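Undergrad: Sequence plus predicted model, see below.
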Amino acid sequence: MLVEWYLWIKAFHIMSVIAWMAGLFYLPRLYVYHVEREGPSEPAKTLVMMEEKLLRVIMNPAMISTWLFGLLLAMTPGVLDFSAPWVWAKLAGILAMSAFHMWLARQRKNLLAGTSTVTGRQFRMMNEVPTVLMVIIVLSVIIKF
C-alpha cells in the first residue's frame, strides 16, 4: 500500500522539511531582534506576535508533518536498510533538529517571562545549528556515508 503512495509521501515530506527549516532558520533571528530591543515598544509586541505565529502556525505543524511523512517513508518496504550507517546518521540529525526546535520553543517562553539569559550574539551563533544539522542530514541521505 505505501509503495503505491511513495512519491506522494516523499513529496509531502520534502515540502514539510522545507517549511520546518525555514522556521528554524528564521526564529533565532527574531530572537536576536527581541533580545536587542529595549522595553515594551510596539515593534517588540510585533516581534512577540511574529515569534508565536511562526512557532505555532508554521514550525510545529511542519515538524509534525515532517515526522509523519518521514515515518511513512521509513515504513515503506525497500526504502531503508537499517544496517546502513547513513540511516542512523540521518536519524541522529533529525533528533538533534527536533531537540533544537524544542529548545527554541523553551527560549520563547523564557523571553516572554523575561528570564532569558541568552544574548543576541548567542542567538546569532545558534542560528547556525540548523545549517550544520541540515548538512549532516542531506549528506547522509544523498552520499549515504
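TA: That came through, no problem. Please read these numbers as outputs of a predicted model, since none were measured by experiment.

Undergrad: Check which helix or strand residue 83 maps to.
TA: Element membership for residue 83, per DSSP states H and E: none, as it lies in no helix or strand.

Undergrad: can you check residue 18 too?
TA: Element membership for residue 18, per DSSP H and E: helix 6-36.

Undergrad: What are the contacting residues of the helix or strand of the chain with the lowest mean pLDDT?
TA: Every helix and strand of the chain was ranked by mean pLDDT, DSSP states H and E. The lowest is helix 42-53, at a mean of 88. Residues external to helix 42-53 that are found in contact with it (C-beta atoms under 8 Å, 6 or more residues apart in numbering): 27, 30, 31, 33, 34, 37, 108, 111, 112. For every residue, glycine as well, the C-beta is placed using N, CA and C.

Undergrad: same for the helix holding residue 18, what does it pack against?
TA: In terms of contacts (3 or more C-beta pairs under 8 Å, 6 or more residues apart in numbering; DSSP states H and E), helix 6-36 is packed against helix 42-53, helix 60-75, helix 85-113, helix 120-126, helix 129-142.

Undergrad: These: which one's closest to residue 8?
TA: helix 60-75 (9.3 Å; C-beta to C-beta).

Undergrad: starting at the chain centroid, how far to that closest one?
TA: With C-alpha atoms, centre = their mean, to the nearest Å as the basis, helix 60-75 stands 12 Å off its chain's centre.

Undergrad: got the angle between the helix holding residue 18 and helix 85-113?
TA: 40 degrees (axes from the mean of the first three to the mean of the last three C-alpha atoms, to 10 degrees).

Undergrad: thinking again about what came up before, just the angle between the least confident helix or strand of the chain and helix 6-36, please?
TA: With the same axes, to 10 degrees defining the directions, helix 42-53 sits at 150 degrees from helix 6-36.

Undergrad: CA atoms of helix 42-53 as CSV?
TA: Only the C-alpha atoms of helix 42-53 are listed here, as CSV (Å, rounded to 0.1, in the frame of the first residue of the first chain):
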residue,chain,number,x,y,z
GLU,A,42,5.2,48.5,19.6
PRO,A,43,7.9,46.8,17.5
ALA,A,44,8.7,44.5,20.4
LYS,A,45,5.0,43.5,20.6
THR,A,46,5.1,42.8,16.9
LEU,A,47,8.1,40.5,17.3
VAL,A,48,6.4,38.6,20.1
MET,A,49,3.4,38.0,17.8
MET,A,50,5.7,37.0,14.9
GLU,A,51,7.6,34.5,17.1
GLU,A,52,4.3,33.0,18.3
LYS,A,53,2.8,32.7,14.8
